[in-house]
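Chemist: need the 3D shape of this:
(2 chains)
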Amino acid sequence: MGKRRKKTPFEFCCEGRLNVRLEGSVLLLSGNLTFGEAAGFTRHVLKHFRRDPGRKLYIDLGDVDSIDSAGVMALYYIQKKLSEKSVVVELQHATPSVADKIRLFYPEEEATVSPPRKPSFFEHIGGRVYHFFSSYVFEFILLAANIFYWGITDIFKRKVRRKGEFVNQAVLIGVNALLIVVFMTFVIGYVIALHSAAQLRAFGANIFVVDLVVFSILSQMGPLITAILVAGRSGSAIAAEIATMKVTAELDALKTMGLNPNRFVVVPKLYACMLTMPFLIVFANVAGIFGGGVAANIYLDITPEIFINRMMDIARNKELWIALVKSQVYAALIVLTGSFYGFRVERGAEGVGKVTTMAVVASITLVILADSIIGVIFY
Amino acid sequence: MDRETIIEVKGLYAAYDETIVLSDVSFSAYKGEVTVILGGSGSGKTTVLNHLLGLLPIERGLVSVLGKDVARLREVEQVALYLEMGVFYQTGGLLNSLTVAENVALPLTQHTNLPKDLIEEIVFMKLGLVNLQHAFHLYPSQLSGGMVKRAALARAIVMDPPILFFDEPGAGLDPVSLEVLDRLILNLKNKLGISIIMVTHEVSSILRVANRIVFLDQGVVAFEGPLTDALHSEQPAVQEFFSVMKNENIRELLR
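Modeler: Numbering: from 1, shown residues only, chains lettered A, B, ... in the order given. Reported below is the predicted structural model:
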């Protein structure tokens, strides 16, 4: 058996600012009981006395020079916690200034605000599903209907359109995206041809690299990569712009001026995106096929003449029409998703960042889903 | 009776690019008083406040807060000084992703090692001081403008700072909410002995809470002294301001 440690009298000193000494049932405090000392004092007292049920403890504040709200609340907390362990704590001999602070800060009643009830697992799941349909699906359909209504009715009403806004948006959404779209699809076309080269060469089927590149670019990669890039670039910009307008009460100002924000802000973006997207896809297709052609020439010795002749044989008008349909669907989805999340912004600056991220994720997801559905329909 | 100086500004100069905002500003603020910094738009009130808060570098002059030369403070010392200050921003400055209680608790959780439930008790008590205990679990977006200001006030006083800075506390508040806020400010000043530095335009607020006026005009202090003296000042800019103020006051009485 080890040596039993001798019990030391209760003493506590917080870097000389607060001295605590136990004499019988009296805890003598001297110095300051403020934010700096409250934590250590509380822990020390609770640790020492909580295993002493039935005890009566007096805390003597006669030598306390200063006390603040943390000090008072520490005394309150000690009384509360020790009373749960049947230790009665009484304060005594407080100087007038300390007593004033105690009167000011000491709670008259216990904190009774309980947190909101947490729903059960099934309530939670049900709530989330209901929330998804009522707040996302239904609201999205409503917004889309509203925007399309104004989009269609305003086509021939030049008066209601802001002068120059359509061109401005077309430049922002379409023209400014051209370089990155062309570059990315060129690289993708090049990589598709490069990766197929080794396999095709093994079977002596070099010429089929043209089929592979042309079909994959025209029917899939060209439209999809363009849409993903526009969603990342312009979808986020649309969401951030509308969200900022909402946060800074610009949308409210539009409403109070009798202007419909959908009509005023979103419709020009919809026109611009729907008009520029087909052109972007055409450029993307050309760049992608060109990239594939370059790789085919380098790795499979397919000359430009052979590549072009083969391409003209296999390319069908159908692919171009499908690309056109896709461009309109993607453009509408990107603008609607960006606007939808922009209008949903809450909680100031932080909310703007949040809805922007959500808009990009949602619009890319929707574009890929739409691509799959169109692919199945036009298979 | 000698008063304890808590803020001393001497020969403060500030300029944005070529525009001189403060050419030579000197004034003092004393313990236990409400010092209101006044002046027209662009007179440099917010610039002075930002210098007091150490948010702008001091190009020329002396700014001393609670006896510490703000320009010479190292980062650690500046943080220590911040713990002795409460700052109330015009828009409240509450973090929207946190509940009211979490907002108020933020300085306590960051700067003390108090137990979590003791922090909750302190927060509850502080919210009680601004009559906002019922908003404990609410988010700032769920509060009215007046409630946001009161929550911000609770956060500003949570560390029992000896000095509180207010930047346009009444902006955007209706007269009733403004009076409630003013009464809270006075209550805190009287009960906690907090010294207050306030930048405000609100006529009724100035009359209700100010002890001392510092009037800025054209980059210098045009008047410094008690409110009663300011009301009878001979300075043209001060006279003009307070004549408008008196008219406003009369209009308010006629309402």
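Chemist: contact residues of chain A facing chain B?
Modeler: Neighbours of chain B within chain A, by CB under 8 Å from any CB of the partner chain: A:34-35, A:38-39, A:42-43, A:68-70, A:73-74, A:76-77, A:104-105, A:107, A:111, A:113, A:115-116, A:346-348, A:350-351. Where you see a C-beta, it was placed from the backbone N, CA and C, and this is true even at glycine.
Chemist: CA atoms only: put stretch B:189-199 into PDB for me.
Modeler: Provided in PDB are the C-alpha atoms of stretch B:189-199 (Å, rounded to 0.1, in the frame of the first residue of the first chain):
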ATOM      1  CA  LYS B 189     -23.500  54.000 -17.700                       C
ATOM      2  CA  ASN B 190     -25.000  54.700 -14.300                       C
ATOM      3  CA  LYS B 191     -25.100  51.100 -13.100                       C
ATOM      4  CA  LEU B 192     -21.800  49.800 -14.500                       C
ATOM      5  CA  GLY B 193     -19.900  53.100 -14.400                       C
ATOM      6  CA  ILE B 194     -19.000  52.600 -18.100                       C
ATOM      7  CA  SER B 195     -17.500  55.500 -19.900                       C
ATOM      8  CA  ILE B 196     -19.100  56.100 -23.300                       C
ATOM      9  CA  ILE B 197     -17.800  57.600 -26.500                       C
ATOM     10  CA  MET B 198     -20.500  58.100 -29.000                       C
ATOM     11  CA  VAL B 199     -20.700  59.300 -32.600                       C
END
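Chemist: what is the burial count for the closest residue to chain A within the stretch 1-150 of chain B?
Modeler: Among all residues of the stretch 1-150 of chain B, B:Asn96 sits closest to chain A, at 3.6 Å; criterion: CB to the nearest CB. Each residue near B:Asn96 was counted by other CB atoms under 10 Å in any protein chain shown, and the total is 15.
Chemist: do the one 5 residues further on as well
Modeler: As a burial measure, B:Ala101 scores 24 neighbours (other CB under 10 Å).
Chemist: before we move on, what about A:Asn309?
Modeler: Quick note: A:Asn309 (other CB under 10 Å) scores 12 neighbours.
Chemist: need the phi and psi values for it.
Modeler: Per-residue torsions, A:Asn309: phi -60, psi -50 (degrees, to the nearest 10).
Chemist: what about residue 82, how many neighbours?
Modeler: If you meant another chain, say so; for now it's chain A. By the criterion of other CB under 10 Å, A:Leu82 has 20 neighbours.
Chemist: the chain in question should be chain B.
Modeler: B:Tyr82 has 16 nearby residues by other CB under 10 Å.
Chemist: contacting residues around it?
Modeler: Contact analysis of B:Tyr82 by CB atoms under 8 Å, 6 or more residues apart in numbering or on different chains lists B:Gly54.
Chemist: residue ranges with poor pLDDT in the chain?
Modeler: Just going to use chain A. Within chain A, the stretches with pLDDT under 70 are A:1-10, A:13-16, A:109-116, A:159-161, A:253, A:256-258, A:347.
Chemist: to clarify, I was referring to chain B.
Modeler: For chain B, applying pLDDT under 70 flags the ranges B:1-2, B:245-255.
Chemist: can you give me the strands for the stretch 101-250 of chain B?
Modeler: B:163-167, B:195-199, B:212-217, B:220-226 (DSSP state E, counting those that start in this stretch).
Chemist: ok, the second one near chain A or not?
Modeler: No. Using CB under 8 Å from any CB as the criterion, no contacts between strand B:195-199 and chain A are found, and the smallest distance is 15.3 Å.
Chemist: just name whatever secondary elements that strand is in contact with.
Modeler: Contacts defined by 3 or more CB pairs under 8 Å, 6 or more residues apart in numbering or on different chains; DSSP states H and E place strand B:195-199 against strand B:19-30, strand B:34-39, helix B:45-52, strand B:163-167, helix B:175-192, helix B:203-209.
Chemist: got a list of contacts for that strand?
Modeler: Here strand B:195-199 has contacts from B:6-7, B:29-37, B:45-46, B:48-49, B:52, B:162-169, B:185, B:189, B:205, B:209-210, using CB under 8 Å, 6+ apart.
Chemist: which residue, neighbours along the chain excluded, lies closest to residue 211?
Modeler: I'll assume chain A. Spatial nearest neighbour of A:Asp211, chain neighbours left out: A:Ile314 (5.5 Å); criterion: CB to CB, 6 or more residues apart in numbering or on different chains.
Chemist: was after chain B, sorry
Modeler: Nearest residue to B:Asn211, sequence neighbours excluded (CB to CB, 6+ apart): B:Glu33, at 4.1 Å.
Chemist: list the contacts of the one you found.
Modeler: B:Glu33 neighbours (CB under 8 Å, 6+ apart): B:3, B:195-196, B:211-212.
Chemist: in stretch A:348-355, what counts as buried?
Modeler: Across stretch A:348-355, burial judged by 16 or more other CB atoms under 10 Å in any protein chain shown covers A:348, A:351-352, A:354-355.
Chemist: the residues you listed in helices, which ones?
Modeler: If you go by DSSP state H, these have A:348, A:351-352, A:354-355 in helices.
Chemist: gap between the nearest residue to B:Phe242 once chain neighbours are set aside and B:Ser205?
Modeler: Nearest residue to B:Phe242 in three dimensions, chain neighbours excluded: B:Leu231, at 5.5 Å (CB to CB, 6+ apart). Distance, B:Leu231 to B:Ser205, using CB to CB, to the nearest Å: 15 Å.
Chemist: which of those two has more neighbours?
Modeler: B:Ser205 (24 against 16).
Chemist: which ones are touching the more buried one?
Modeler: B:169-170, B:178, B:182, B:198.
Chemist: ok, 10 Å please
Modeler: For B:Ser205, the contact set (CB atoms under 10 Å, 6 or more residues apart in numbering or on different chains) comprises B:34, B:36, B:166, B:168-170, B:173, B:175, B:178-179, B:181-182, B:185, B:198.
Chemist: how many neighbouring residues does whatever residue of the stretch 151-300 of chain A ends up closest to chain B have?
Modeler: Sorted by distance to chain B under CB to the nearest CB, the residues of the stretch 151-300 of chain A start with A:Val247, at 10.3 Å. A:Val247 sits with 17 neighbouring residues when counted by other CB under 10 Å.
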